[in-house]
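Novice: any chance you could fold what I've pasted below:
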Amino acid sequence: MRRIYLGLLLAIGFLSEVSAQQDPHYTQYMYNMSVMNPAYAGSKESLSMGLLYRKQWVEIEDAPTTGTFFGHSPVGKNVGLGLSVVSDKIGPVEENNVYADFSYTLKLGGEHKLALGLKSGLTFHDVALNTDIYNTLPDPQDGAFGQDVSNSYFNFGTGAFYYTDKYYLGVSVPNMLKAKHLDFDGRSYGNESSHYFFTGGYVFDINQSVKFKPFFMVKS
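Specialist: You can find the predicted model right below:
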């Protein structure tokens with residue numbers, strides 16, 4: 001019999017540092033949880049892949065856009081491996097992340113499982129100051145803002161994912177290292193800030209055909 005799944009989404013974000021570069025807002029996070037929590041990699045019984053795209057304020061030029069590709073699969077009994085690629089663009093600022101995920105699952109008895117994960121990879125950060133917004137700069141010849149910025153840096157993250165057939169809870173820090181985006185004349189402009197993600201969900205069996213699945217994410 002065909003099953004119908006109903007989901008209730010709740011996402012809460014806390015902005016802790018307005019001057020810092022923020023991780024993308026994952027409004028579709030329930031479909032790509034391995035992107036923000038490496039412990040989720042391999043939690044499915046087979047290969048899981050997806051391609052997602054999000055554009056905010058469709059009619060506005062240079063509005064925020066986010067594209068995500070992910071894939072993960074169990075390898076052996078307790079190990080999961082995955083790959084995620086995230087491209088995030090806001091105006092002249094573009095950030096591309098390529099990360100590999102690793103998880104190890106501990107069986108706690110019955111249907112209870114706890115997965116611990118690590119992710120590591122590279123972030124490519126580009127700001128087209130001179131190319132895109134040259135005419136809007138107060139001083140285009142300014143050494144800090146009159147030129148395009150392009151750099152890359154290594155980062156890593158960690159996470160935990162506790163789950164059963166009925167519910168799950170997760171906590172993760174996808175980027176643990178803080179990196180400077182522009183360091184000019186002894187001053188730093190912008191940096192990569194660490195964010196904490198908390199997720200959870202529960203499955204209610206309405207009847208044999210309908211399941212109600214409320215879930216949430218808190219970002220700080």
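Novice: and the residue nearest in space to the middle of the chain, how close does it get to residue 61?
Specialist: What sits nearest the mean C-alpha location of the chain, by CA atoms, centre = their mean, is residue 36, with 3.9 Å. To residue 61, residue 36 is 28 Å away according to CB to CB, to the nearest Å. (Each C-beta comes from the backbone N, C-alpha and C, glycine too.)
Novice: direction included, what does the strand or helix carrying residue 213 pair against?
Specialist: Secondary structure from DSSP states H and E places residue 213 in strand 210-219. With DSSP bridges as the test, strand 210-219 is paired with strand 4-13 (parallel), strand 197-202 (antiparallel), strand 204-205 (antiparallel).
Novice: buried residues, that strand. List them.
Specialist: 215-217, 219 (16 or more other CB atoms under 10 Å).
Novice: quick one: average pLDDT of that strand?
Specialist: Computed over strand 210-219, the mean pLDDT rounds to 88.
Novice: can I get that strand in PDB? Just the C-alpha atoms.
Specialist: Output in PDB follows, covering the C-alpha atoms of strand 210-219 (Å, rounded to 0.1, in the frame of the first residue of the first chain):
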ATOM      1  CA  VAL A 210       0.100   7.900   6.700                       C
ATOM      2  CA  LYS A 211       3.100   9.000   8.800                       C
ATOM      3  CA  PHE A 212       3.500  12.400  10.300                       C
ATOM      4  CA  LYS A 213       7.200  13.500  10.600                       C
ATOM      5  CA  PRO A 214       7.800  16.700  12.500                       C
ATOM      6  CA  PHE A 215      11.500  17.800  12.600                       C
ATOM      7  CA  PHE A 216      13.500  20.900  13.500                       C
ATOM      8  CA  MET A 217      16.900  22.500  13.100                       C
ATOM      9  CA  VAL A 218      18.500  25.100  15.400                       C
ATOM     10  CA  LYS A 219      21.600  27.000  14.100                       C
END
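Novice: please enumerate the strands of the chain.
Specialist: Counting by DSSP state E, the chain has strands at residues 4-13, 48-55, 65-75, 79-90, 93-109, 112-127, 149-163, 167-173, 183-184, 187-188, 197-202, 204-205, 210-219.
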